[in-house]
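Peer 1: here is the input, now give the coordinates:
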Amino acid sequence: MYRAASRFRALKGQTGNRGLARYASTSAVATKSSSGGFFSWLTGEKSSSLPPLEFPLEDVTLPPPLPDYVEPGKTKITTLPNGLRIASETSANPAASIGLYVDCGSIYETPASYGAAHLLERMAFKSTTNRSHLRIVREVEAIGGHVAASTSREHMSYTYDALRTYVPQMVELLVDCVRNPAFLDWEVSEQLHKVSAEISELAKNPQHVLLEAIHSTGYSGPYANALLASDSAISRLNSTVLEEFVSENYTAPRMVLAASGVDHDKLLEYAEPLLSDLPKVSRPSEPKPIYTGGDFRRQGDSGVTHFALAFELPGGWLKEKDALVLTVLQMLMGGGGSFSAGGPGKGMYSRLYLRVLNEHPQIQSFSAFNSIYNHTGLFGIQATTHQQWP
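Peer 2: Numbering: from 1, shown residues only. Below you'll find the model as predicted:
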């Protein structure tokens with residue numbers, strides 16, 4: 001016990017000496033580097049050893065100042081001999097975004113191919129004739145990329161985002177996934193089960209039911225086709241239906257390869273050999289929207305009434321002024337979806353919203369939607385009220 005106490009005192013003495021020595025050496029350095037020391041710095045006195053701040057430092061080259069205005073990159077478009085268009089726009093962003101867009105959606109489905117567009121969205125970036133699905137996932141992950149696919153009533157889109165240094169790999173994989181899908185039976189069957197589960201889940205979502213109902217009720221013909229597959233269509237969909245749908249609609253004149261943050265000449269160098277042999281088939285007659293209007297009702301047991309009122313916007317995005325006006329009106333009326341109690345910016349603090357809820361407390365939610373496509377669109381409002389309220 002005595003030895004331990006002696007050793008502790010010895011270590012404590014050594015530590016104290018080292019601390020004093022360290023403090024002394026630091027003070028010496030501070031005294032050398034500044035004529036006034038700490039108190040001079042605290043009182044604001046200038047040090048004679050440091051240059052004044054109004055003079056530039058020696059041997060320091062400042063970069064040129066940034067310009068007040070940077071002209072955005074111009075969009076360049078090249079049409080290949082087979083009719084496929086390639087568009088690009090340069091950007092200072094280190095990332096590149098590439099998309100392959102097809103003028104094909106649910107409005108091009110026939111009674112034999114109902115639901116094909118929905119299933120194609122699910123089958124995107126699955127196995128191709130050159131790659132397995134696992135290899136595609138590994139290649140995308142290896143460069144830190146992100147792939148996505150979406151379908152609408154008029155378009156199919158496949159996108160790939162990654163650093164611009166990997167543009168050659170991005171273009172090659174994207175084109176391979178769109179041009180050469182294998183449609184393996186077991187992968188198609190797996191996605192059909194997921195589509196069936198998705199349909200069952202969305203059938204419980206009143207907002208989704210309303211949005212599909214106003215299209216099927218408001219239009220007749222191809223524009224009335226559902227965006228999602230139906231239960232009856234699932235039993236008829238298979239790999240053969242998908243292959244026929246792709247071969248008929250995925251033609252060069254109906255496809256556009258667009259990129260942001262990519263040099264146009266480089267994009268042509270990578271993409272033209274992969275896309276120049278696509279068949280040049282004349283475009284089919286484009287379906288025309290036939291607006292008829294109507295009324296749709298479905299009985300529910302939730303004790304709450306969901307309703308929507310919509311009207312047509314002829315021309316859609318082709319009439320940019322009308323589309324812009326309705327887009328602004330949409331934000332003022334609710335922003336296009338359900339809003340939360342703490343989410344400003346979705347119309348919930350607008351004069352219209354406050355007036356509706358003050359005068360009609362039975363209304364639980366209120367918002368506007370704007371469903372615009374190339375040649376047509378629907379604008380309307382949707383609300384949720386107590387079921388007993390007229």
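Peer 1: any idea of the mean pLDDT in stretch 223-233?
Peer 2: Across stretch 223-233, the average pLDDT comes to 87.
Peer 1: ok, stretch 360-377 next?
Peer 2: The average pLDDT within stretch 360-377 is 74.
Peer 1: ok, stretch 286-298 next?
Peer 2: Rounded mean pLDDT across stretch 286-298 is 86.
Peer 1: and that stretch, what's buried?
Peer 2: For stretch 286-298, the neighbour count (16 or more other CB atoms under 10 Å) marks 287, 289, 291 as buried. (C-beta placed from N, C-alpha, C; glycine too.)
Peer 1: and if you look at stretch 110-125?
Peer 2: 113-125.
Peer 1: quick one: the helices in the stretch 151-300 of the chain?
Peer 2: Ranges of helices in the stretch 151-300 of the chain, per DSSP state H, counting those that start in this stretch, are 167-179, 185-202, 206-218, 231-234, 239-249, 264-275.
Peer 1: quick one on the thing from earlier: out of the buried residues of stretch 286-298, who's nearest residue 177?
Peer 2: Top of the list for closeness to residue 177, among those and by CB to CB, is residue 287 at 26.6 Å.
Peer 1: how about the closest one: what's its closest non-neighbour residue?
Peer 2: residue 222 (3.8 Å; CB to CB, 6 or more residues apart in numbering).
Peer 1: for the one you found, what are its contacts?
Peer 2: 106, 107, 108, 109, 287 (CB atoms under 8 Å, 6 or more residues apart in numbering).
Peer 1: and for residue 370?
Peer 2: 326, 327, 330, 336, 377, 378, 379.
Peer 1: please apply the same query to residue 81.
Peer 2: 276, 280.
Peer 1: tell me the secondary structure at it.
Peer 2: Using DSSP: H, G, I helix; E, B strand; the rest coil, the structure places residue 81 in coil.
Peer 1: next one: phi and psi at it?
Peer 2: Phi and psi for residue 81, reported as degrees, to the nearest 10, are phi -60, psi -30.
Peer 1: give me the pLDDT for it.
Peer 2: Looking at residue 81, the pLDDT reads 94.
Peer 1: from residue 272, how far out is it?
Peer 2: 10 Å (CB to CB, to the nearest Å).
Peer 1: wait, which of the helices of the stretch 151-300 of the chain is closest to residue 369?
Peer 2: Across the helices of the stretch 151-300 of the chain, closest to residue 369 is helix 206-218 (CB to CB), at 6.9 Å.
Peer 1: for the closest one, packing partners?
Peer 2: strand 304-312, strand 363-372, strand 377-386 (3 or more CB pairs under 8 Å, 6 or more residues apart in numbering; DSSP states H and E).
Peer 1: switch those strands over to CSV; also include distance to residue 145.
Peer 2: Formatted as CSV, the helices and strands packed on helix 206-218 follow (distance: least, CB to CB, whole Å):
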stretch, distance to residue 145
strand 304-312, 38
strand 363-372, 30
strand 377-386, 33
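Peer 1: relative to residue 55, which of those strands is closest?
Peer 2: So among the helices and strands packed on helix 206-218, strand 363-372 is nearest, using CB to CB, at 59.7 Å.
Peer 1: just put the contacts of residue 370 in CSV and tack on neighbour count and distance to residue 71.
Peer 2: Converted to CSV, these look like this (neighbours: other CB atoms under 10 Å; distance: CB to CB, whole Å):
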residue, neighbour count, distance to residue 71
326, 18, 31
327, 13, 27
330, 20, 32
336, 17, 33
377, 23, 33
378, 22, 38
379, 22, 35
